[in-house]
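S.K.: Mind looking at a prediction? Sequence and model below.
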Amino acid sequence: MHQLTGPDDARRMVNIWADQGATSFKAYMTSRAPELRAAVEEAHKRGLKVTGHLCSIGYREQRRLHR
């Protein structure tokens, strides 16, 4: 599995997979907030969803991802 190296990498991976037909993405518990925010923003631009195990960020931080 590809380990994201930063927000730009997260955006790039969302676009690569979306271009291949992916319709949703899953974040794992090692996801850091900057990469997760970038992936969510990029996926939402394309009308795609992101789900995941959000153990690595707190509730308040998670709520800010959706604003």
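M.R.: Alright, I've got the coordinates. The structure presented is a predicted model; accordingly, all values stated were derived computationally and were not measured.
S.K.: And the lowest mean pLDDT element among the helices and strands of this protein?
M.R.: Least confident helix or strand, the chain: helix 59-65 with a mean of 67, by mean pLDDT, DSSP states H and E.
S.K.: and the spatially most central residue of the chain, what helix or strand is that in?
M.R.: Nearest residue to the geometric centre of the chain (C-alpha atoms, centre = their mean): Ala39, 3.0 Å. In this assignment (DSSP states H and E), Ala39 forms part of helix 33-45.
S.K.: Which positions within that helix qualify as buried?
M.R.: Across helix 33-45, burial judged by 16 or more other C-beta atoms under 10 Å covers Ala33, Glu35, Leu36, Arg37, Ala38, Ala39, Val40, Glu42, Ala43. In this view, the C-beta of every residue, glycine as well, is placed from N, C-alpha and C.
S.K.: Pass me the low-pLDDT residue ranges in this protein, would you?
M.R.: For the chain, applying pLDDT under 70 flags the ranges 54-59, 61-67.
S.K.: thinking again about what came up before, what packs against the helix holding Ala39?
M.R.: When contacts are defined as 3 or more C-beta pairs under 8 Å, 6 or more residues apart in numbering; DSSP states H and E, helix 33-45 sits against helix 7-19, strand 24-27, strand 49-52, helix 59-65.
S.K.: Would you mind putting those into TSV with mean neighbour count and distance to Met1 alongside?
M.R.: As requested, these are exported to TSV (neighbours: other C-beta atoms under 10 Å; distance: least, C-beta to C-beta, whole Å):
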stretch	mean neighbour count	distance to Met1
helix 7-19	16	11
strand 24-27	15	10
strand 49-52	14	13
helix 59-65	11	21
